[in-house]
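Engineer: quick one, fold the following:
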Amino acid sequence: MSTQIWTPGMAGPLDEFVARVTRMVTVFTAENGLDEAEVRIELADGSRHTLESTTAEPGFGFFSFTPHGEDDDPPRRVIVPIGAVRSIEISRPDPERPFGFVLEP
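Structural biologist: Numbering: from 1, shown residues only. Coordinates of the predicted model:
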């Protein structure tokens, strides 16, 4: 069995994908009476990242995210193809981990 993710046709409008995920975070926080939510993404290679923010850039089947890091970690942005996403999890923040997803204006 193949471990690759099949997406029909082209990658689709990534700005709409990012907007819908952001909307889901907003709804989740409102439904659960939270000020912030923790958003984690798992990629096809098994790596998991707690997200600080995400954007539809650079497009062309790719989007990018900023993972939370430790205070002394240099800032970074990760660019991945949309097909590399295995799952996105929205949950109540864990006080032991950095959290908080920045909603775009």
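
Engineer: helices along the chain, start to end?
Structural biologist: Here the chain has its helices, by DSSP state H, at 14-31.

Engineer: partner residues bridging the nearest residue to Glu57 once chain neighbours are set aside?
Structural biologist: Take Glu57 and drop its neighbours on the chain: the residue closest to it by C-beta to C-beta, 6 or more residues apart in numbering is Ser64, 5.8 Å away. Placement of C-beta: from N, CA and C, glycine included. Beta-bridge pairing for Ser64 (DSSP bridges): Thr55, Ile79.

Engineer: how many neighbours does Ser64 have?
Structural biologist: Neighbourhood size, Ser64 [other C-beta atoms under 10 Å]: 17.

Engineer: again with the one 3 residues further on
Structural biologist: Using other C-beta under 10 Å as the criterion, Pro67 is surrounded by 20 other residues.

Engineer: quick one: contacts for the residue nearest to Glu57?
Structural biologist: Counting by C-beta atoms under 8 Å, 6 or more residues apart in numbering, Ser64 makes contact with 54-55, 57-58, 77-80.
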